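Engineer: Give me a model of this one.
(2 chains)
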Amino acid sequence: MIKAIIIDDERLARNELKKLLLDFPEIEVIAEATNAAEGVEKIDSLNPDLIFLDIQMPGKTGFDMLAELERAPNVIFTTAYDEYALKAFEVNALDYLLKPVEPKRLADALQKLQVEEDKEPISDHTISVNRSILNEHDQVFVKDGERCWFVKLSDIRLFESVGNYAKVYFGPNKPLILKSLNALEERLDEKVFFRANRKHIVNLRLIEKIEPYFNGGLLLEMKGGEKIEVSRRQTVKFKEMMSL
Amino acid sequence: MTKNGSKYYWWCQIGGWGSLALVLVLNSSISEQTITDKQIYIMVITVLTGILVTHIFREVIKRSGWAFLTVEKALPKFLIGMLLTCIASALIRITLADRLGLVSHKNTEFMARLLTVAADTGLMIIPWTLIYYFYHYVLISSRRQVDTLKLEALVKELELKTIKAHINPHFIFNALNSIRALIDENPPRARTAITELSNILRSSMQAEKLETVTFEKELNIVKDYLALEHIRFEDRLQVEYEIDEDTLDQPIPPMMLQTLVENAIKHGISRQVGGGKVRIVSDFREDYHELVILNTGVLNGSRDSDGFGLASTKNRLQLLFGQKANFDIREVNENTVQARVLIPVHTAAAKTSLKP
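Structural biologist: Numbering: from 1, shown residues only, chains lettered A, B, ... in the order given. So this is what the prediction gives:
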């Protein structure tokens, strides 16, 4: 059973989608939300597998809402017209549906969801003991100005502190998110993400090279070529972890 | 054009060279008492050679399109052309004069004669070239002006068309989506909704053909539009009308009120989590028909897309009703935006009375 939430400000649009979803018994609509604030609240409390998200909503847009989430669920965007606007974003959302939704397109979109789930059988990661810790298979939604990405935590090699922001390194991109490094550290899985020094958190799986450095510290070279110094205190911890 | 042009050209050639010949004849008849046959021959040779070489020069200019060049680029080409024309003309004249035995001072050096005759020809070729060049210069620049004007008119027309035809596709698809949901939930409402949507689509298509429509017609469209938006927004949208019935006959540009109300929804109501109110007021104020659209919301800066819409609304009004017509948009309090259209009543009445 796939738990889904529909987020759309129009009652009739939600009803119409619910009606269409009756043909897909594997999808259970567990809640509805009429705006971004309500959406965030329901996602955090109900932890759905999938959300249907309208982009244009009063207050905040669907994109703004996603950027507020700690962990982004699978998203299918629904929109009346903004196909091109949507394509302009580098959003690798599961899919998008144009309203009025064609039943065949909905079936295709849900088909993609099944494929995704099969690819990654850890859909039970959501039942992990401590839900507040982000698993490396979790994805986050990153919005930087006009550009957006869904990023798997396992693809992020480095977080760098820049004032109140954190710079997120993945692929060729390094957008800023409004989160402090300390807050991130609390939420990240410490088996994968390691606080190398005051300014950096590195992904241990994406280290290219480790070299000794001054004062008994270490110098890490990441897969993207970034060189990160491990402070003396953290070097001890790092060696402990790696020797396990 | 070319036919006329070449007719003018021949008239100018013959007229110009002919009057030169006349001047020469008069000149010698004053200074010397009699005109000899020799002098007449020389004159005929001068004129005929002049026509021949300038005609060849003109062909060269035409073929290589020198008249279309800028002054700086054309100048050296014309100078060289003139020099060659003078020399050619001088050579022909000297040869003919010698053959016909018209010249007595045969012992003068050839180069000196060539220079003298060439300079003499130059006195005629230089004015010829200047006249030719400036005639074309004026012709081309006036043609260019006409082209610019035509282009400006076209741009204006296109601008008007895009505003007129503008009905937000986002609205159409949202309305269709609501109607689909209504088909099960409230079939009679779904039926009226389809009628309302048809009215809007029809009027937006017809709008392209009309300059103005009566306010009443436009208001009906807006009522249909707001009824459809009400299906979408439900209790988040309240609508109020305050219409002076006498204003119903007033002419207004088609789809203008519709566009303004659409913006009130798009930038006002749809951004309010709790929804809001749209109020439409139509009244006479002094010599103007005043249309006011109030909506809940705030004005957010000068957004580029709206900037175009707002400026063109004003342009469109002034094109139709003259400079006195006006349009403005502002915040009347911290949560209400007011768009106001002023159309002078007299000009408006005059304009409609012209149309049957």
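
Engineer: drop to CA atoms for contacts and neighbour counts, all remaining ones
Structural biologist: Fine.

Engineer: Domain map for the chain?
Structural biologist: Just going to use chain A. A:2-127, A:156-243 (automatic domain parsing).

Engineer: ah, no, chain B please
Structural biologist: B:2-155, B:166-354.

Engineer: mean confidence for the shortest one?
Structural biologist: Mean pLDDT, domain B:2-155: 80.

Engineer: Surely B:Trp17 is in a strand?
Structural biologist: No. Assessed with DSSP: H, G, I helix; E, B strand; the rest coil, B:Trp17 is helix; it does not lie in a strand.

Engineer: That one and chain A, how far apart?
Structural biologist: Distance of B:Trp17 to chain A, computed by Cα to the nearest Cα, to the nearest Å: 70 Å.

Engineer: how about the residues of chain A near chain B?
Structural biologist: Contacts of chain A with chain B, taken as Cα under 8 Å from any Cα of the partner chain, map to A:10-13, A:15-16, A:35, A:57-59, A:80-82, A:99-101.

Engineer: Mind picking the two most distant members of those residues?
Structural biologist: Greatest spatial distance among the residues of chain A next to chain B (Cα to Cα): A:Gly59 and A:Val101, at 24.2 Å.

Engineer: So between those two, which is more surrounded?
Structural biologist: Per other Cα atoms under 10 Å in any protein chain shown, whichever of A:Gly59 and A:Val101 has more neighbours is A:Val101, with 19 against 16.

Engineer: out of the residues of chain A next to chain B, who's nearest A:Cys148?
Structural biologist: When these are compared against A:Cys148 (criterion: Cα to Cα), the nearest one is A:Asp82, at 15.3 Å.

Engineer: Give me the subset of the residues of chain A next to chain B lying in helices.
Structural biologist: Applying DSSP state H to those, the entries found in helices are A:11-13, A:15-16.

Engineer: And for the residue in chain A that chain B sits nearest to, the neighbour number?
Structural biologist: Nearest to chain B, among the residues of chain A, is A:Pro58, at 3.9 Å (Cα to the nearest Cα). Neighbour count of A:Pro58, defined by other Cα under 10 Å: 21.

Engineer: ok, for it, nearest residue in space, not its chain neighbours?
Structural biologist: Among residues not flanking A:Pro58 along the chain, B:Arg271 sits closest, at 3.9 Å (Cα to Cα, 6 or more residues apart in numbering or on different chains).

Engineer: Contacts only, for the one you found.
Structural biologist: Residues in contact with B:Arg271 (Cα atoms under 8 Å, 6 or more residues apart in numbering or on different chains) are A:57-59, B:297.

Engineer: Looking at the stretch 101-250 of chain B, which residue is nearest chain A?
Structural biologist: Residue nearest to chain A within the stretch 101-250 of chain B (Cα to the nearest Cα): B:Asn177, separated by 4.6 Å.

Engineer: check which helix or strand covers that residue.
Structural biologist: Taking DSSP states H and E as the criterion, the element that holds B:Asn177 is helix B:169-185.

Engineer: Give me the pLDDT for A:Ala196.
Structural biologist: 92.

Engineer: my read: it touches A:Arg232, true?
Structural biologist: No. Look at A:Ala196 against A:Arg232 with Cα atoms under 8 Å: they stay out of range, at 9.4 Å.

Engineer: and the nearest residue to A:Glu70 once chain neighbours are set aside, what are its bridge partners?
Structural biologist: Excluding the flanking residues, the one nearest A:Glu70 by Cα to Cα, 6+ apart is A:Val140, at 6.7 Å. A:Val140 has these beta-bridge partners by DSSP bridges: A:Val151.

Engineer: Give me the neighbour count for A:Val140.
Structural biologist: The tally of other residues near A:Val140 (other Cα under 10 Å) stands at 20.

Engineer: tell me the contacts of B:Pro91?
Structural biologist: Careful, residue B:91 is Leu; it's not Pro. B:Leu91 touches B:Leu114, counting by Cα under 8 Å, 6+ apart.

Engineer: swap in B:Leu130?
Structural biologist: Contacts for B:Leu130 were tallied using Cα under 8 Å, 6+ apart; there are none.

Engineer: Could you do the one 10 residues further on as well?
Structural biologist: B:Ile140 sits next to B:Phe68 when contact means Cα under 8 Å, 6+ apart.

Engineer: still on that earlier bit, what is the rounded mean pLDDT of the helix holding B:Asn177?
Structural biologist: The average of the pLDDT scores along helix B:169-185 is 91.

Engineer: In terms of pLDDT, where does A:Glu117 sit?
Structural biologist: Looking at A:Glu117, its pLDDT stands at 69.

Engineer: how about stretch A:222-231: buried residues?
Structural biologist: For stretch A:222-231, a neighbour-count test (16 or more other Cα atoms under 10 Å in any protein chain shown) marks A:222-223, A:228-231 as buried.

Engineer: Kindly report the same for stretch A:40-58.
Structural biologist: For stretch A:40-58, the neighbour count (16+ other Cα under 10 Å) marks A:40, A:42-43, A:47-58 as buried.

Engineer: Out of the residues you listed, name the two that are farthest from one another.
Structural biologist: Spanning the widest gap among the buried residues of stretch A:40-58 are A:Asp49 and A:Pro58, at 24.3 Å by Cα to Cα.

Engineer: what about A:Ala196 and A:Arg232, which has more around it?
Structural biologist: Taking neighbours as other Cα under 10 Å, A:Ala196 and A:Arg232 compare with A:Ala196 leading, 23 against 17.

Engineer: Pull out the buried residues from the helix ranked longest in chain A.
Structural biologist: Criterion DSSP H: the longest helix present in chain A is helix A:103-119. Within helix A:103-119, the residues that qualify as buried are A:106, A:109-110, A:113, counting by 16+ other Cα under 10 Å.

Engineer: out of everything not next to it in sequence, what's closest to B:Val117?
Structural biologist: B:Ala90 (5.3 Å).

Engineer: Provide the secondary structure category for A:Glu136.
Structural biologist: Per three-state DSSP, A:Glu136 ends up coil.

Engineer: okay, it: pLDDT?
Structural biologist: So, for A:Glu136, pLDDT stands at 79.

Engineer: list the contacts for it?
Structural biologist: A:152-154, A:189, A:192.

Engineer: again, only this time at 6 Å
Structural biologist: By Cα atoms under 6 Å, 6 or more residues apart in numbering or on different chains, A:Glu136 lies in contact with A:153-154.

Engineer: again with A:Leu178
Structural biologist: Contacts for A:Leu178 (Cα under 6 Å, 6+ apart) come out as A:Tyr165.

Engineer: Point me to the residue sitting farthest from the middle of chain A.
Structural biologist: A:Asn215 (37.5 Å; Cα atoms, centre = their mean).

Engineer: quick one: the closest residue to that residue other than its chain neighbours from A:Glu226, how far?
Structural biologist: Excluding the flanking residues, the one nearest A:Asn215 by Cα to Cα, 6+ apart is A:Arg232, at 7.0 Å. Distance from A:Arg232 to A:Glu226, counting by Cα to Cα, to the nearest Å: 19 Å.

Engineer: that older thread, so which of the buried residues of stretch A:40-58 sit within strands?
Structural biologist: Judged by DSSP state E, the subset of the buried residues of stretch A:40-58 located in strands is A:50-54.

Engineer: Smallest gap between the stretch 251-356 of chain B and chain A, at which residue?
Structural biologist: Closest contact between the stretch 251-356 of chain B and chain A, by Cα to the nearest Cα, is at B:Arg271 (3.9 Å).

Engineer: Could you pull out the helices in chain A for me?
Structural biologist: A:11-21, A:36-46, A:62-68, A:83-88, A:103-119, A:181-187, A:232-243.

Engineer: Which secondary structure elements does the first one sit against?
Structural biologist: Using 3 or more Cα pairs under 6 Å, 6 or more residues apart in numbering or on different chains; DSSP states H and E as the contact test, the elements touching helix A:11-21 are helix B:169-185.

Engineer: In the helix or strand just after the helix it packs on, which residues are buried?
Structural biologist: Using DSSP H and E, the helix or strand that follows helix B:169-185 towards the C-terminus is helix B:187-206. By neighbour count on 16+ other Cα under 10 Å, the buried set for helix B:187-206 is B:190, B:193, B:196-197, B:199-201, B:203-205.
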